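> this is the structure alone, sequence omitted:
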């Protein structure tokens, strides 16, 4: 399969109910994962994928579905896996947003804001503060322009530096900080079971 191969919610649900070897990898932050995730999924945040790429590629020999909030980060993970030789991965089309919209079940935990919502708050807050501050400090308007340029670049490249920075905040990490370690253990178990 080539990168950007997707799978819809209905097909994913049918596959997961019948295929015990299907592997569902959630690349959102641990904070987002703790808020709501698909039962049985493995949480391996996108910023930790490269560190565990070898195990992901080995686990991708079966059916692997990659999920994030909307599909963007899952697509980035799929591209990395394809470059490393993993074929047959699928991105859950529309991500967890589509899963929830379809009324599919999730495991819920402590409620937190999604990374996308945090980016909108941070970018909007910086722009608003810059515009207000420009009444006293005219040069502050350049900060608003810088944020706007950053958002434009993020849209054009399908990456988000602000999102990557926010993902590193303690708020977005699990309490034990062990998402990568737990994911590695589950990946190894999945490899051994095959």
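Nice, thanks for sending it over. Computed from a prediction, not measured in an experiment: that's the story for all the values here.
> flag every buried residue along the longest helix anywhere in the chain.
Secondary structure of the chain per DSSP state H: the longest helix is helix 115-133. The neighbour-count check on helix 115-133 (16 or more other CB atoms under 10 Å) flags 115, 116, 118, 119, 123, 126, 127, 130 as buried. For every residue, glycine as well, the C-beta is placed using N, CA and C.
> for the chain, give me the ranges with low pLDDT.
Judged by pLDDT under 70, the chain has its weakly predicted residues at 1-4, 19-20, 60-61, 158, 172-194.
> so who does the residue lying closest to residue 127 once chain neighbours are set aside touch?
Closest residue to residue 127 apart from its sequence neighbours, by CB to CB, 6 or more residues apart in numbering: residue 144 at 4.6 Å. For residue 144, the contacting residues are 126, 127, 130, 131, 134, by CB atoms under 8 Å, 6 or more residues apart in numbering.
> ok, now residue 38?
Per CB under 8 Å, 6+ apart, neighbours of residue 38: 16, 24, 26, 67, 96, 99, 104, 105, 106, 107.
> 10 Å instead?
Taking CB atoms under 10 Å, 6 or more residues apart in numbering as the criterion, residue 38 is in contact with 12-13, 16, 24, 26, 65, 67, 92, 96, 99-100, 104-107.
> name the nearest of these relative to residue 165.
Nearest to residue 165, judged by CB to CB, of the contacts of residue 38 is residue 26 at 20.5 Å.
> name the SS class of the residue minimising distance to the centre of the chain, please.
For the chain, residue 28 is the residue whose C-alpha lies nearest the centre (CA atoms, centre = their mean; 3.2 Å). At residue 28 the chain is in coil, as set by DSSP: H, G, I helix; E, B strand; the rest coil.
> right, and it touches residue 92 too?
No - look at residue 28 against residue 92 with CB atoms under 10 Å: they stay out of range, at 11.5 Å.
> now list whatever residues contact both of those two.
With CB under 10 Å, 6+ apart, residue 28 and residue 92 have common neighbours 41, 67, 68, 70, 74.
> residue 111 and residue 117 touch, don't they?
No - counting by CB under 10 Å, residue 111 does not reach residue 117; the two are 11.7 Å apart.
> rewinding a little: the shared contacts of residue 28 and residue 92 in helices, which ones?
residue 74.
> just checking, which of the shared contacts of residue 28 and residue 92 belong to strands?
Among the shared contacts of residue 28 and residue 92, the members found in strands (DSSP state E) are residue 67.
> need the shared contacts of residue 28 and residue 92 in JSON lines with neighbour count and distance to residue 48, can you?
Output for the shared contacts of residue 28 and residue 92, formatted as JSON lines (neighbours: other CB atoms under 10 Å; distance: CB to CB, whole Å):
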{"residue": "41", "neighbour count": "24", "distance to residue 48": "15"}
{"residue": "67", "neighbour count": "29", "distance to residue 48": "15"}
{"residue": "68", "neighbour count": "28", "distance to residue 48": "13"}
{"residue": "70", "neighbour count": "19", "distance to residue 48": "19"}
{"residue": "74", "neighbour count": "27", "distance to residue 48": "14"}
